[in-house]
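Colleague: sequence and predicted model, in that order:
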Amino acid sequence: MNSNCCFFLLFLLGISSYSKAQDAQPPVNPVIHGSREKGVEKDENQEKFDKQKEEQAQKIREAEEKGKGRHLRIQTKETRKRMKKSKKKARKNNEHKNEFFLIKLFSK
């Protein structure tokens, strides 16, 4: 009797989750008809936007590099040596990281 009750509850839970999943689908947008020229304008605008975004990313990279160079210049010689040593040590330690033990255990 108890197993039948559990089965019935699981069945109802499955049906309710399925119906919720069906309701959650976004409505299909109707196809918007327009002239071909609008599509061309959108492509050109997208290209301009991508180009601006790329130029902005390049400026950010250049500013970061300039900042890194200034940061190193204002350090003393001993500090630069210590920074170089610790960077080398960190790189060495990070290269030899092992995989998570559960991944190794279940990959066989």
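Modeller: Sure thing, it's come through.
Colleague: can you list the low-confidence ranges for the chain?
Modeller: 1-10, 12-13, 16-40, 108 (pLDDT under 70).
Colleague: residue boundaries of the helices in it?
Modeller: Here the chain has its helices, by DSSP state H, at 2-23, 36-73, 77-95, 101-106.
Colleague: for the last one, output the C-alpha coordinates as PDB.
Modeller: Once non-C-alpha atoms are left out, helix 101-106 reads as follows in PDB (Å, rounded to 0.1, in the frame of the first residue of the first chain):
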ATOM      1  CA  PHE A 101      40.900  13.300  -7.400                       C
ATOM      2  CA  LEU A 102      37.300  12.400  -8.200                       C
ATOM      3  CA  ILE A 103      37.900  13.100 -11.900                       C
ATOM      4  CA  LYS A 104      40.900  10.800 -11.900                       C
ATOM      5  CA  LEU A 105      39.000   8.100  -9.900                       C
ATOM      6  CA  PHE A 106      36.000   8.000 -12.300                       C
END
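Colleague: which other residues reach that helix?
Modeller: Asn98 (C-beta atoms under 8 Å, 6 or more residues apart in numbering). Bear in mind the C-beta positions are built from the backbone N, C-alpha and C, glycine included.
Colleague: how about a cut-off of 7 Å?
Modeller: Here helix 101-106 makes contact (C-beta atoms under 7 Å, 6 or more residues apart in numbering) with no residue beyond itself.
Colleague: again with stretch 67-82
Modeller: For stretch 67-82, using C-beta under 7 Å, 6+ apart, the contacting residues are Met83.
Colleague: let's number from 309 now, not from 1
Modeller: In the new count, where the first residue is 309, that last one comes out as stretch 375-390.
Colleague: what about that stretch, start to end distance?
Modeller: 19 Å (C-alpha to C-alpha, to the nearest Å).
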